[in-house]
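Undergrad: Sequence plus predicted model, see below.
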Number of protein chains: 2
Amino acid sequence: MTIRYPNGNQFHEQPASSNLHNDSIDFSNRGMTLEDEINKSNQYYLREGIAVVHKKPTPIQIVSVDYPKRSAARIKEAYFRRASTTDYNGVYRGKYIDFDAKETKNKTSFPLKNFHKHQVEHMRQCLEQQGICFAIIKFISDQSVYVLKATDLIKYWDNQDKGGRKSIPRKVIEQDGFLIKYRINPLLPYLRAVDSIIE
Amino acid sequence: MTIRYPNGNQFHEQPASSNLHNDSIDFSNRGMTLEDEINKSNQYYLREGIAVVHKKPTPIQIVSVDYPKRSAARIKEAYFRRASTTDYNGVYRGKYIDFDAKETKNKTSFPLKNFHKHQVEHMRQCLEQQGICFAIIKFISDQSVYVLKATDLIKYWDNQDKGGRKSIPRKVIEQDGFLIKYRINPLLPYLRAVDSIIE
């Protein structure tokens, strides 16, 4: 069913741009982005009363808005802003959880440039408050997904400034991270890895 | 200093519309909205390493985007969406905290229509995961601010359907809530009330 705004514009559940960077179609998960997969898993966790985790909206800088009579306010000019936090947070087993999700086409390592400085700083701040922080990393080439603790990520991040490498070797992610195997429900059972981090 | 986007547009730190509903100017807090006051307090808590709490960005439905060469992507058409959660969440003393902030011009009660159903449902879901949930309520008439536990709010919310009143009497908020007195730093020390809720 096509849902329309009072002004006749069509309503899209997802931003028009959300699939732009999804070049490869994989039939096992129907060409979903990692974000779609996590959102779907979070919906399952919410429905089953297991955890409350939401993706934060994309931060937008609004410059100009039209307020037409009898129809929805229309944003005429706006720009994407850089987020000052990670994309996902919520509560699970009484704990604050906070993470970001990143895909890479790289096969042998995860480039640290996928993260912004302020995202890593945010994770550091949350860790200080005893939050559970991690990254969900997907290697697109073979569709493998890992949960990597923020402490492991930060170790490599900080080493960059000391002349260290600009990426995390996949071998390290395989050893220190948690492989998340696709299932039906939830699609990505990443909270199992969180259980291991909590314990 | 005026900061400009690569395309020459001026950068505004706050959405142009953020002060629209702030009719009354009070010199004690320089005409700030409750949102401004809470953001300022959160900045203090973050700087001092006390808590990490952020306001979520306003959810926007993007319909059309321009990608001009050599300048920032420009959103040409977008609409405001209804948020599916509360506006603020974060981590404090290892606990997940989650709240919404509402102002009322009413003097003797707080009208429940200030909350949307899905916000109350979200609080209920977070409470089930042992999150710390509450509302920050400001009576504009005399600039008094209270923290009210989500359980107290939900009690009145659910009673509406059983023929109960559509607002919470101010007397109840004064008795069961926590009065937050303005200070210099943080401007609104609402985490003191959270301490009481945790204990």
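TA: Ah, there it is. Numbering: from 1, shown residues only, chains lettered A, B, ... in the order given.
Undergrad: residues in contact with the spatially most central residue of chain A?
TA: By CA atoms, centre = their mean, chain A has its centre lying nearest to A:A101, at 3.2 Å. Residues in contact with A:A101 (CB atoms under 8 Å, 6 or more residues apart in numbering or on different chains) are A:L34, A:E35, A:I38, A:D87, A:Y88, A:A135, A:I136, A:I137, A:K138. Glycine gets a C-beta too; all of them are placed from N, C-alpha and C.
Undergrad: my read: the first one touches A:F99, true?
TA: Pointing back at A:L34 there. No: with contact defined as CB atoms under 8 Å, A:L34 does not count as touching A:F99 (11.6 Å).
Undergrad: okay, now A:P189: neighbour count?
TA: 17 (other CB atoms under 10 Å in any protein chain shown).
Undergrad: Let me see the contact set for the residue nearest to A:K166 when sequence neighbours are not counted.
TA: Nearest non-adjacent residue to A:K166, counting by CB to CB, 6 or more residues apart in numbering or on different chains: A:L112, 5.5 Å away. Applying CB under 8 Å, 6+ apart, we find A:L112 in contact with A:Y156, A:W157, A:Q160, A:K166, A:S167, A:I168.
Undergrad: now, which of those residues lie within strands?
TA: Counting by DSSP state E, those place A:S167, A:I168 in strands.
Undergrad: Check which element follows the longest strand along chain A along the chain.
TA: Taking DSSP E as the criterion, chain A has its longest strand at strand A:95-104. Tracing the chain C-terminally past strand A:95-104 and defining elements by DSSP states H and E, one meets strand A:109-111 next.
Undergrad: Which strands and helices lie in contact with that following strand?
TA: strand A:95-104, strand A:167-169, helix A:170-176 (3 or more CB pairs under 8 Å, 6 or more residues apart in numbering or on different chains; DSSP states H and E).
Undergrad: rewinding a little: out of A:L34 and A:F99, which sits in the busier spot?
TA: A:F99 (24 against 19).
Undergrad: any idea how far that one lies from A:S71?
TA: According to CB to CB, to the nearest Å, A:F99 and A:S71 sit 38 Å apart.
Undergrad: try A:F115
TA: 40 Å.
Undergrad: just A:V91 next, same as before
TA: As for A:V91, its distance to A:S71 is 37 Å (criterion: CB to CB).
Undergrad: Between these two, which is the more surrounded one?
TA: More crowded of A:V91 and A:S71, by other CB under 10 Å: A:V91, with 26 against 14.
Undergrad: How about the secondary structure of that one?
TA: strand (DSSP: H, G, I helix; E, B strand; the rest coil).
Undergrad: What sits closest to it if chain neighbours are left out?
TA: Nearest to A:V91 is B:Y96, by CB to CB, 6+ apart, at 3.8 Å.
Undergrad: ok, that neighbour - how many residues close by?
TA: 26.
Undergrad: Now do the same contact list for it.
TA: A:G90, A:V91, A:G94, A:K95, A:Y96, B:N89, B:G90, B:C126, B:Q129, B:Q130, B:G131, B:I132.
Undergrad: Now do the contacts for the third one.
TA: Going by CB under 8 Å, 6+ apart, A:G94 touches B:K95, B:Y96, B:Q129, B:Q130, B:G131.
Undergrad: related to what we said a few turns ago, highest mean neighbour count out of the helices and strands packed on strand A:109-111?
TA: Greatest average neighbour count among the helices and strands packed on strand A:109-111 goes to strand A:95-104 (a mean of 22), per mean count of other CB atoms under 10 Å in any protein chain shown.
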